[in-house]
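Engineer: okay, here's the prediction I keep looking at, along with the sequence it came from:
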Amino acid sequence: MASGAGEWSSEQINDYETLISTTDVELLKRAWRNEKAAPEILPFEEALVKRAKEQIQLMEETVDDFAESGRDPLIASLYQMDLDRAQFLLRSYLRVRLQKIEKFMFYIWKRDIYRNRLSMEEEKFTERCIRDIGKHLEETALSKLPDNYQSVLKQSIISEEDDMVPEPQLDSFVVAKCERATRPLYLDGSKQSSGFDSREDHFQMVPDDLCILRYRPFQEELMSGNISLV
């Protein structure tokens, strides 16, 4: 490999190989899978995304250096494959989050627990989407309806809740893989109590276990990294 690296020193090559051999790409893959499978939007992986962008930038520079040197096209193609994979995972992760924001924007915006899970750019995007959609609906339809039916969020002014706002279905089924041993879990999502042993609707996952169950009981374990979604 050193003979095909042109003017690259062994120290530079070692630094690059150490960087791409870290687990960040695998962590990004797991974050993407979790986000794709979870019915709700998950906390933004800010530190991981930042590191992934730095790795992608380094890979791009390395591929360019090999292309300019004209040596070892096979090694250059291998680096290009690593670059393409990292770019695909990062774009897919960000894209699936934007899709959730577009679907649940009103629900997310009214709840601090979900707004706090957004990046700064995602928060600006959500605010802009809500403003643009509200303006569009007002100009094209709502202004032509009776006053009692001009709300974007409610079917009518007498509705007590925002009954036109889609919500994440937290009781939908997911496939979960155990990464670390979990606490005892109830099938209905309730917390462990003194009467835990007397109940039959509980279980505990150990590493490499796979379970198909409702998402709600898994929430805390997913946030803590004890499980991942498949």
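Structural biologist: Here it is on my side, so go on.

Engineer: residue contacts, the nearest residue to residue 172 once chain neighbours are set aside?
Structural biologist: The shortest distance from residue 172 to any non-neighbouring residue, by CB to CB, 6 or more residues apart in numbering, is to residue 39 (5.0 Å). C-beta here means a position set from N, CA and C on the backbone, and glycine is covered the same way. The neighbourhood of residue 39, defined by CB atoms under 8 Å, 6 or more residues apart in numbering, consists of 168, 169, 170, 172, 174, 215.

Engineer: and for the first one, the neighbour number?
Structural biologist: It stands for residue 168. Using other CB atoms under 10 Å as the criterion, residue 168 is surrounded by 17 other residues.

Engineer: wait, is it part of a strand?
Structural biologist: No. With DSSP: H, G, I helix; E, B strand; the rest coil as the criterion, residue 168 is assigned coil and is not in a strand.

Engineer: report the secondary structure state of the residue nearest to residue 172.
Structural biologist: Taking three-state DSSP, the label given to residue 39 is coil.

Engineer: next, it: phi, psi?
Structural biologist: phi -70, psi -20 (degrees, to the nearest 10).

Engineer: roughly how far apart are it and residue 202?
Structural biologist: 23 Å (CB to CB, to the nearest Å).

Engineer: with residue 73 instead?
Structural biologist: Going from residue 73 to residue 202 by CB to CB gives 57 Å.

Engineer: the two - which one has more neighbours?
Structural biologist: Neighbours were counted for residue 73 and for residue 202 using other CB under 10 Å; residue 202 has more, 16 against 12.
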